[in-house]
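> kindly return the folded structure for what I paste below:
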Amino acid sequence: MSLSKRDFMQVLTAGSVAGMGLARWADADAASAEQGLYDLPPLGTGAGFVSLLHMTDCHAQLKPIYFREPSVNLGVGDMSGQLPHLVGEHLLKKAGVRPGTALAHAYTYLDFEKAARRYGRVGGFAHLATLVKRMKASRPGALLLDGGDTWQGSATALWTDAQDMVDACKALGVDVMTGHWEFTYGMERVKAIVEKDFAGKVDFVAQNVKTNDFGDPVFKPYVIKEINGVPVAIVGQAFPYTPIANPRYMVADWTFGIQDDRLQEVVDEARGKGARLVVLLSHNGMDVDLKLAGRVTGIDAIFGGHTHDGVPVAVPVKNGGGTTLVTNAGSNGKFLGVMDFEVKGGKLANWRYRLLPVFSNMLKPDAEGDALITKVRAPYEGKLADKLEVTHGVLYRRGNFNGSWDQLLCDALMEVQGAEIAFSPGFRWGTSLLPGDAITRELLMDQVATTYSYATVTEMTGATIKTVLEDVCDNLFNPDPYYQQG
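Residues are numbered from 1 along each chain as shown. Here you go, the predicted model:
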């Protein structure tokens, strides 16, 4: 039996949705593999059809990287055993993805080293740009939403005061964004970027950020964009616990919080102004989004971030006004969420969601984006490439408690500072390395590049340490998501 090229592509495309092992096609024909994974026809085109693209938590990763997903993601109370707290085989089963495939590698930690060597690096803004342009070309009017944690997480972002990422986001075609770690550059820097660099190009929205004195909005709470005849409201929700998880002095004049009562007012206002589709661009974290979706009515979909959960399916949550779809698009530039809507009679009638992995060896880098990345990195290439050591095992940071990168950092702190015990915040950003990879200054900075961190040595009693750890655990594993403050 022989297949025509058209038949072959149909089989390959169908196989990609079901989790076909695409690498065997890539070995023979990389272009065909790309078609199989990224040929995603829209739900429809023309009047009534809306497409939104979503990226979040890229943590300033401009170049392709390795990134290992977690082997542990604990959920407590009603969250136990539910998305986003499914990993490995359990996540694949929920998503209907076959083990041992390209998608299985993207979504899970399973056979990470072997699969990473087979499928290559992920992410990279130039490769992401190629995919964004491809999706926008097939979906007229589509918007790109950025969920925040974009300007922080790399050496060049720190050294350029976030300017490399600001320029990269504009080149990528970001239309609307909200924030979290962006605020650690300080109020004046954030406002300057929003009011000058982003003016007329990117809408920064955050309904839950107000001034301390009179409660005035610091940013636009939402924007309404008309897409194929459908007025679409995009409401912003910045990380509600910024002054708790990060230094208060950096946002001294601003208040945050979940503010779901205020959010309900904003959603109602947008509906009153004619919005026929309302989405929330959120940096709450997925557990918070799931609870919020059951309390606030009138939101059709939540595009979530903060907890770095690459969730391949949209989770429907019922509330007093209908159903809200909750999504989360992973981190480090590894995924692009693609949500297609059909609106009929002024209401959401149909939808489809895909979480596309950004495999850098299947996507040619966008020439314009690649040139910009080369330009912004050029002054720092010598420092970035400085070789510090070689790793003998997989280095990663993505569990509830620690990872091998955290252990390495703690070991270094004890040796250099002469401490008996060391603690490292369990950040869930940070790139991964494979055995035999060089640990360069750039890769180290991927783990530690923040605007305010210090390594300190403090005398503490065992009782104090116990109290601190129990307080942290009560925070992180509180059965009420609204009290999980990072």
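
> mind listing the helices for the stretch 301-450 of the chain?
Assignment of helices within the stretch 301-450 of the chain using DSSP state H, counting those that start in this stretch yields the ranges 367-377, 381-384, 404-417, 441-448.

> from these, which stretch is densest packed?
Highest mean neighbour count among the helices of the stretch 301-450 of the chain (mean count of other C-beta atoms under 10 Å): helix 441-448, with a mean of 20. Any C-beta I mention is one placed from the backbone N, CA and C, and that applies to glycine too.

> any idea of the mean pLDDT for that helix?
On average, the pLDDT along helix 441-448 is 96.

> ok, back up a step: out of the helices of the stretch 301-450 of the chain, which gets nearest to Asn475?
Closest to Asn475 of those is helix 404-417 (C-beta to C-beta; 17.9 Å).

> now do that closest one, average pLDDT.
Helix 404-417 shows a mean pLDDT of 94.

> ditto for stretch 57-73
Mean pLDDT, stretch 57-73: 97.

> now tabulate the helices of the stretch 301-450 of the chain in TSV and tack on distance to Val326.
Output for these, formatted as TSV (distance: least, C-beta to C-beta, whole Å):
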stretch	distance to Val326
helix 367-377	30
helix 381-384	37
helix 404-417	29
helix 441-448	29
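
> Pro481 and Glu265, how far apart?
Remark: distance between Pro481 and Glu265 (C-beta to C-beta, to the nearest Å) = 22 Å.

> with Ala137 instead?
Applying C-beta to C-beta, the value for Ala137 to Glu265 is 37 Å.

> can you check Ala142 too?
Counting by C-beta to C-beta, the gap from Ala142 to Glu265 is 29 Å.

> between those two, which one's more packed in?
Comparing Ala142 with Glu265 by other C-beta atoms under 10 Å, the one with more neighbours is Ala142, at 23 against 14.

> residue contacts, the residue nearest the centre of the chain?
For the chain, Thr56 is the residue whose C-alpha lies nearest the centre (C-alpha atoms, centre = their mean; 2.7 Å). Thr56 makes contact with 146-149, 283, 303-306, 328-331, according to C-beta atoms under 8 Å, 6 or more residues apart in numbering.

> what is the nearest of those to Leu476?
Checking the contacts of Thr56 against Leu476 by C-beta to C-beta gives His306 as the nearest, at 13.0 Å.

> hmm, Leu281 and the closest one touching each other?
No - using C-beta atoms under 8 Å, His306 makes no contact with Leu281, being 11.8 Å away.

> now for those two: what residues contact both?
Common neighbours of His306 and Leu281, counting by C-beta under 8 Å, 6+ apart, are Gly147.

> report pLDDT for Gln10.
42.

> now Phe401
pLDDT, Phe401: 82.

> contacts only, for it.
Neighbour list for Phe401: Val72, Gly426 [criterion: C-beta under 8 Å, 6+ apart].

> how much space separates it from Ser331?
Using C-beta to C-beta, Phe401 is found at 18 Å from Ser331.

> over to Gln207?
Counting by C-beta to C-beta, the gap from Gln207 to Ser331 is 23 Å.

> related to what we said a few turns ago, nearest to Ala463 among the contacts of Thr56?
Using C-beta to C-beta, the contacts of Thr56 come closest to Ala463 at His306, 32.3 Å.

> the closest one: how many residues sit nearby?
Close neighbours of His306, defined as other C-beta under 10 Å, add up to 29.

> chain neighbours aside, what residue packs nearest to it?
Leaving aside its sequence neighbours, His306 sits nearest to Gly285 (C-beta to C-beta, 6 or more residues apart in numbering; 4.3 Å).

> the one you found touches Tyr483, doesn't it?
No - with contacts counted by C-beta under 8 Å, Gly285 stays clear of Tyr483, the gap being 11.8 Å.

> okay, the two: which has more neighbours?
When neighbours are counted by other C-beta under 10 Å, Gly285 comes out ahead of the other of Gly285 and Tyr483, with 24 against 12.

> what residues are up against that one?
Contacts for Gly285 (C-beta under 8 Å, 6+ apart) come out as Gly304, Gly305, His306, Thr307, Pro481, Gln484, Gly486.

> per-residue confidence at it?
On the pLDDT scale, Gly285 is placed at 96.

> what do you get for the one 5 residues further on?
For Leu290, the pLDDT comes out at 98.

> measure the closest residue to it other than its chain neighbours to Asp161 for me?
Nearest residue to Leu290, sequence neighbours excluded (C-beta to C-beta, 6+ apart): Val326, at 5.5 Å. Val326 sits 34 Å away from Asp161, going by C-beta to C-beta.

> these two: which has the busier surroundings?
More crowded of Val326 and Asp161, by other C-beta under 10 Å: Val326, with 27 against 16.

> beta partners of the more buried one?
Val326 forms beta bridges with Ile302, Val315, as assigned by DSSP bridges.

> can you give me the pLDDT of it?
Reported pLDDT for Val326: 98.

> surely it touches Met286?
Yes - here Val326 lies in contact with Met286, judged by C-beta under 8 Å, at a distance of 6.9 Å.

> need the overlap of contacts for the two.
Taking C-beta under 8 Å, 6+ apart as the contact rule, Val326 and Met286 both touch Gly304.

> and stretch 73-92, how far out from the chain middle?
Distance, stretch centre to chain centre, for stretch 73-92: 18 Å (C-alpha atoms, centre = their mean, to the nearest Å).

> mind checking how far Lys136 is from Gly399?
Distance from Lys136 to Gly399, by C-beta to C-beta: 35 Å.

> let me fix that: Val223
Val223 sits 37 Å away from Gly399, going by C-beta to C-beta.

> buried ones in stretch 109-126, by neighbour count?
Residues of stretch 109-126 classed as buried: Tyr109, Leu110, Phe112, Ala115, Ala116, Tyr119, Arg121, Val122, Gly123, Gly124, Phe125, Ala126 (neighbour count, 16 or more other C-beta atoms under 10 Å).
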